[in-house]
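Trainee: dropping the sequence and predicted coords here.
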Amino acid sequence: MGNTDSKLHFRKAVIQLTTKTQPVEATDDVFWDQFWADTATKVQDVFALVPAAEIRAVREESPSNLATLCYKAVEKLVQAADSGCHSDKNRQIVLNCTRLLTRILPYIFEDADWRGFFWSTVPGAGRAGRLDEDGEDEARPLAESLLLAIADLLFCPDFTIQSHKKNGADSAEDMQSIDSCEYIWEVGVGFAQSPPLNYIHDINRTELLKLLLTCFSETMYLPPSSESKTLNPWVAFFSSTDNRHALPLFTSLLNVVCAYDPVGYGIPYNHLLFSDHREQLVEQAVQILIVTLEHEASLTASSGLQALYRSASPSAMDEEQPAGPDNLFVNYLSRIHREEDFSFILKGLARLLNNPLLQTYLPHSTKKIQFHQELLILFWKLCDFNKKFLFFVLKSSDVLDMLVPILFYLNDARADQSRVGLVHIGVFILLLLSGERNFGVRLNKPFTLRVPMDIPVFTGTHADLLVVIFHKIITNGHQRLQPLFDCLLTIIVNVSPYLKSLSMVAANKLLHLLEAFSTPWFLFSSPQNHHLVFFLLEVFNNIIQYQFDGNCNLVYAIIRKRSIFHQLANLPSDVASIQKALQRKKKAVTGISRSNSTETESMEGSKPAVPAEPGTLKASLEATPGIDKITEKSQVSQDGTMVTVPYSDSAQTADSSAITGASDTESNSERDHEVYQAESEAAGSRLSSAATPWSPNPDWVVTWKAKLPLQTIMRLLQVLVPQVEKICIDKGLTDESEILKFLQHGTLVGLLPVPHPILIRKYQANAGTAIWFRTYMWGVIYLRNVDPPIWYDTDIRLFEIQRI
């Protein structure tokens, strides 16, 4: 009964606020206390009892009352942060103010005139009693007071942390002098003790983090901007030296995420019997982490590396010199360097990402987490900001524990347009990893089936799994994934020099892609489609030149499909042939033909990838930059070091070097300019005629056809085809296993052109991808926070919410 009274009481206060036309004095505590003192409303009730229309009405008609409400709610939080939450009543006031501000803040942000309100100073509000050098107590903006109060309350004894005192609550002065590094929430990085689990503390932390996330969400109300300097002022202040809890809070959030085990003791159906408050905390923690870890990459990489390559100290963070980014969260992340910390983080992320893949005999008996997209963004930021972590990940086969779930998500989401962003982040992570030699080497580990996937059954390595799933995405994915084809093939190019033995299934998939991409109508239908053929030829050349011995399956597939290469070499370039090919295109079905693909049965128990349910909400995404904008070319020298190769500046040098072709070495760089010059058009659709009035002409075809790197493959065919035909006739062979055995023991030493240098296209951060990540990240956060729906039906500008 009391709860109903409490709701009525609260609702009455809201109605009074919306109907008052005169400003209510800030000193009228009787009126203002109705909102937080005598009520015990849940956050869902606050959202129901304070409708959007009424908040907007107060904002427009009696702005001073809305301002006073915000100011008074912040004041209550500041008082609690100063004195501690000693009584149940104090704790309830803090929670009520937190919920109310979570409800109201989005409506402050959506109105440009109000956006500066929290950054204005309130008369009489000092800087928490701290004096400046000249002795004046300068007023603090409301936003700063709120953020510092939230930080203090996240380390408040008996509210969000376990008090170390036996005799009850800490005294008020202890709240200011408390060393929060002793109260980190979970064992892990920089903290060896395991604090007792307290679900009430978890609930309170979750509420405060929800408010913190809402504070940071001002970004959502600004249109996407390429200005990387426009840092979020809320994040910038919270992650600055003004926040004395920055280090313990960063480690608390990271440890809570990486130590979380959703399966727990493994009792079947335990997640249906008990509510897991830690899961809600983990979700909010990972969202706060990915939002606070936003920084200009150029600064971060260099400072992070400098900090990391200094001599290792026994502590988790090298705290002596605060060099590096001003954002302390980025700074601390880039300076983690102990192997046991890296191991803890990697094992934690791998455990969580593999959780939805767990197979049990009892259906739905284990909990499946839903925050894998946030985990992938966190993993991306860890690899991007801490190069030592990236090297640690690639040092052992543990990287495969990340690869398999990523490939699982890519395959599962390929047909669902509401999960296009998930496919992008997975592909970006693999592009980043593929820039390192160790990743290609690790892919040679045999793959043993752990989870049914909607792919053909095969016996092979993790490289085979990657090729088979990329083939599925290209031939069977949603059409909005077409701009990623360059990226997918670049990843295969990057790892190809290290692939010791492709299975027959994977070899056939690669040949099928070449067959699909090299049809004349496809090559002539868009100005950049031929790039895909260049990438695939580069894959074949790398494997033939560097891994010929173990790759008899691929060599056999190339011999069987040799007509594709002959057709490419003899591709007609006259006007009549071009027109004829384009006429054929009009009759062809849009999309890539699967008729010649050797599709086999999918794995038993797997579910096919399905499109999004009608009515599903999705957030719009920014266009991704072209492959030449997000990669830089590096040449692998003989000692294994990488040398950056500049992109060709002039088409003429590329053309002349290609046409003369006197050298016996097949070059990958002589066609750079051609492969990359059409980046501006690369965002356009590949499989439909371009929107601009572009049309192919003979000169254009001749220009890139002259640079097709067919020399190595043609030499291979010239040597091996007669030999294979001869043994087939001599021995009357019809069984391919005998031919494979012959190819396995064959050699092309001295018969092929001199091996070309290995070229790797490494991921390069830039403004375009920074905007893409920001938009994607906030889109995920918007769609994941539905209970309560914090930002629903407010005027978001960073992206559009669309219903499928």
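Mentor: Arrived safely, thanks for sending. Numbers count the residues shown, from 1 in each chain.

Trainee: at which residues are the strands of the stretch 1-150 of the chain located?
Mentor: Taking DSSP state E, counting those that start in this stretch to define them, one finds strands in the stretch 1-150 of the chain at 121-126, 139-141.

Trainee: worst mean pLDDT among these?
Mentor: Of all these, the minimum mean pLDDT falls on strand 121-126 (a mean of 58).

Trainee: any idea of the pLDDT on Lys629?
Mentor: Per-residue confidence at Lys629 stands at 89 (pLDDT).

Trainee: count the neighbours of it for me.
Mentor: Neighbourhood size, Lys629 [other C-beta atoms under 10 Å]: 17. Where C-beta positions appear, they are placed from N, C-alpha and C, glycine not excepted.

Trainee: host element of it?
Mentor: Assigned by DSSP states H and E, Lys629 belongs to helix 627-630.

Trainee: list the buried residues in that helix.
Mentor: Ile627, Asp628, Lys629, Ile630 (16 or more other C-beta atoms under 10 Å).

Trainee: could I get those as CSV with distance to Phe524?
Mentor: Below are the buried residues of helix 627-630 laid out as CSV (distance: C-beta to C-beta, whole Å):
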residue, distance to Phe524
Ile627, 21
Asp628, 22
Lys629, 25
Ile630, 27
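
Trainee: which one of the residues you listed is nearest to Ala581?
Mentor: Ile627 (25.4 Å; C-beta to C-beta).

Trainee: thought that closest one was touching Leu484?
Mentor: No: when contacts are counted by C-beta atoms under 8 Å, Ile627 is not listed as touching Leu484 (9.6 Å).

Trainee: give me the neighbour count for the closest residue to Ala569 other than its chain neighbours.
Mentor: Nearest non-adjacent residue to Ala569, counting by C-beta to C-beta, 6 or more residues apart in numbering: Leu710, 5.5 Å away. Here the number of neighbours of Leu710 (other C-beta under 10 Å) works out to 18.

Trainee: one more: Gly477?
Mentor: Gly477 has 26 nearby residues by other C-beta under 10 Å.

Trainee: name the SS class of Arg761, please.
Mentor: strand (DSSP: H, G, I helix; E, B strand; the rest coil).

Trainee: next up, the contacts around the closest residue to it other than its chain neighbours.
Mentor: Nearest non-adjacent residue to Arg761, counting by C-beta to C-beta, 6+ apart: Thr631, 3.9 Å away. Shown in contact with Thr631 (C-beta atoms under 8 Å, 6 or more residues apart in numbering): Leu431, Gly435, Thr490, Arg761, Lys762, Tyr763, Gln764.

Trainee: for Asp787, phi and psi?
Mentor: The phi/psi pair for Asp787 (degrees, to the nearest 10) reads phi -130, psi 90.

Trainee: dump the residue contacts of it.
Mentor: For Asp787, the contacting residues are Gln44, by C-beta under 8 Å, 6+ apart.

Trainee: pLDDT score for it?
Mentor: pLDDT, read off for Asp787, is 88.

Trainee: how close does it get to Thr206?
Mentor: Asp787 sits 12 Å away from Thr206 when distances are taken as C-beta to C-beta, to the nearest Å.

Trainee: cool, and Cys383?
Mentor: Cys383 is 28 Å from Thr206, by C-beta to C-beta.

Trainee: name the helix or strand of this structure that has the lowest mean pLDDT.
Mentor: helix 651-660 (a mean of 32; mean pLDDT, DSSP states H and E).

Trainee: output stretch 572-586 as CSV, restricted to C-alpha atoms.
Mentor: Output of stretch 572-586 as CSV, limited to C-alpha atoms (Å, rounded to 0.1, in the frame of the first residue of the first chain):
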residue,chain,number,x,y,z
PRO,A,572,37.8,-8.1,-74.5
SER,A,573,38.1,-4.3,-74.2
ASP,A,574,36.4,-3.1,-77.4
VAL,A,575,33.2,-1.1,-77.2
ALA,A,576,31.0,-3.8,-78.7
SER,A,577,32.1,-6.4,-76.1
ILE,A,578,31.6,-4.0,-73.3
GLN,A,579,28.1,-3.2,-74.4
LYS,A,580,27.3,-6.9,-74.9
ALA,A,581,28.5,-7.7,-71.4
LEU,A,582,26.4,-4.9,-69.9
GLN,A,583,23.3,-6.2,-71.8
ARG,A,584,23.9,-9.6,-70.3
LYS,A,585,24.1,-7.9,-66.9
LYS,A,586,20.6,-6.6,-67.2
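
Trainee: tell me which residues in that stretch are buried?
Mentor: By neighbour count with 16+ other C-beta under 10 Å, stretch 572-586 contains the buried residues Ser573, Ile578, Ala581, Leu582, Lys585.

Trainee: next, the third one: secondary structure please.
Mentor: Here Ala581 is helix, with the state taken from three-state DSSP.
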